[in-house]
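Enquirer: show me how the following folds:
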Amino acid sequence: MITKGSALPSGRVKSVCIRQLFFRIPYFVLKVRIMKSLLSFLGPAVKWDIFNYGRLKNQIRAQDARFEQAIMQYQQVVLDAAREVEDAMTAFQQTREQTEFLGKSVTASRRAAEISRLQYREGVVDYQRVFDTDRYLTSQEDAYIKAKG
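Expert: The predicted structure follows:
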């Protein structure tokens, strides 16, 4: 039996060994606890909520609903983009056709202005007819230049 004050073969007192033993045990336990907490913090963890099956099932349904909503929003964005592209193509084609028609209109207005000037020189029409055809020609040329860009 070890008693306080009895000497060891090395010449040390047994109480010193007991103190060292008690100081080393808490350090070892503390070290093990820290390592366990670090491993549980850094390492993989498994959590199994088997008793919360209904809640998990409802969470899955909610996530599925959010996913379906995101898909619907994506499809709507794609459809809107396709509609915008089609509208732009249609507008471009209509602008092109309008420019072509305005070009033909300018050509016809020039011919009408020439005819009205010729008729005025020959005394067939008054100057008001020449003035009106020139004004119409000018408006058609303005519209053609605006449409052509």
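Enquirer: hey, let's count contacts and neighbours off CA atoms from now on
Expert: Fine.
Enquirer: and stretch 139-149, what's buried?
Expert: Residues of stretch 139-149 classed as buried: 140, 141, 143, 144 (neighbour count, 16 or more other Cα atoms under 10 Å).
Enquirer: now swap in stretch 119-129 and tell me
Expert: Of the residues in stretch 119-129, 119, 120 count as buried by neighbour count, 16+ other Cα under 10 Å.
Enquirer: need the buried residues of stretch 139-149 in a markdown table (columns: pLDDT).
Expert: Formatted as a markdown table, the buried residues of stretch 139-149 follow (pLDDT from 0 to 100):
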| residue | pLDDT |
| --- | --- |
| 140 | 95 |
| 141 | 95 |
| 143 | 94 |
| 144 | 95 |
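Enquirer: give me the element residue 137 is part of.
Expert: Take DSSP states H and E as the rule and residue 137 turns out to sit in helix 127-148.
Enquirer: which residues sit against that helix?
Expert: With Cα atoms under 8 Å, 6 or more residues apart in numbering as the test, helix 127-148 has contacts from 95, 98-99, 102-103, 105-106, 109-110, 112-113, 116-117, 120.
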